[in-house]
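Peer 1: what's the 3D shape of this:
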Amino acid sequence: MHDFFAANRRSWDERAAIHARDTTGAYMVDAFLAGADTLYPIEAAEIGDVAGKRLLHLQCHIGLDTLSLARRGAIVTGVDFSPEAIAAARGFAKRTGLAADFVEANVYDAARRTPGPFDMVYTTWGTIIWLPDIRAWARTIAAVLVPGGSFYFLDTHPQALCLEESDGRLVATYPWRTPDGGPIPFEAETTYTGDPTPLVNRKTFEWMHPVGDILSALVDAGLVIEAVREHERLPYGLFPLMVEAGERLYRLPDGMPAMPLALSIRARKA
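Peer 2: Here you go, the predicted model:
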């Protein structure tokens, strides 16, 4: 796994620098620095009151959501494996004066690398596809939570990740579960924000985790599932045919059968 993680880290180091510059405004950096909250409407409506909670944000990237949670009153620690992302996050914390800890670490090392335990673990948008072992992920979450602590997860729906657009249709293209634990390779010439800067580290590796595996891993790790919700909007155009849905979200166009595009889970440590 070291080679796969190393390739992904190189790509995310490169992307983090581009995202922190935010020439296209996709990350709302200027608005954030002026006081805006960067959370999308789905998670903003579902996470509840975080004021005063010790909160761990896994795979925090450049830290804007982490710092938005701090603005909501949480005592936050962000974790990411990219040193460039962590450097950017610390820079935004300094520029805004918001209190937050940022730790450069692999998710699987979070229990020994962060100042836990925590009242809440939070992870959203583009996270578990970068992790090969969903059960180890769930055990890490359980390990860092206090008894009764909560976990919130929101990401692209695994069903949608199996599809690609072809001639205006969505076609099943990728396996629902990564075969034999091996990753699926992808290549991208640029990052996803619309910035035209060519990427040097274009190749990345992803793992597919079906809904059943995610839920079973959390239950087996000692978490009680409190809510599972499916959503028909995403904060990005997963497929070229998607249209704007307002509030920085995208949906499938009118006339196309509706399908779940995002999945959220709320759980609690027993």
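Peer 1: so where do the strands sit in the protein?
Peer 2: 54-58, 75-80, 100-104, 118-124, 145-156, 163-166, 169-172, 184-187, 203-206, 223-231, 243-246, 249-251, 262-269 (DSSP state E).
Peer 1: mind putting those strands in a markdown table, mean neighbour count, distance to G91 and mean pLDDT included?
Peer 2: For every residue, glycine as well, the C-beta is placed using N, CA and C. Output for the strands of the chain, formatted as a markdown table (neighbours: other C-beta atoms under 10 Å; distance: least, C-beta to C-beta, whole Å; pLDDT from 0 to 100):
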| stretch | mean neighbour count | distance to G91 | mean pLDDT |
| --- | --- | --- | --- |
| strand 54-58 | 26 | 17 | 98 |
| strand 75-80 | 26 | 13 | 98 |
| strand 100-104 | 20 | 10 | 98 |
| strand 118-124 | 24 | 21 | 98 |
| strand 145-156 | 20 | 26 | 98 |
| strand 163-166 | 14 | 36 | 97 |
| strand 169-172 | 12 | 39 | 96 |
| strand 184-187 | 12 | 29 | 96 |
| strand 203-206 | 18 | 24 | 97 |
| strand 223-231 | 14 | 32 | 98 |
| strand 243-246 | 11 | 30 | 97 |
| strand 249-251 | 18 | 28 | 98 |
| strand 262-269 | 21 | 30 | 98 |
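Peer 1: Reformat those as TSV; add distance to F4.
Peer 2: Output for the strands of the chain, formatted as TSV (distance: least, C-beta to C-beta, whole Å):
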stretch	distance to F4
strand 54-58	18
strand 75-80	17
strand 100-104	18
strand 118-124	20
strand 145-156	19
strand 163-166	22
strand 169-172	24
strand 184-187	9
strand 203-206	4
strand 223-231	27
strand 243-246	34
strand 249-251	29
strand 262-269	24
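Peer 1: buried stuff in the helix ranked longest in the chain?
Peer 2: The helix that spans the most residues within the chain, counting by DSSP state H, is helix 2-21. Of the residues in helix 2-21, 4-5, 7-20 count as buried by neighbour count, 16 or more other C-beta atoms under 10 Å.
Peer 1: now stretch 97-114
Peer 2: 98, 100-108, 110-111, 113-114.
Peer 1: which two in these are spaced the farthest apart?
Peer 2: The distance between the two most remote of those (C-beta to C-beta) is 27.2 Å, for L98 and Y108.
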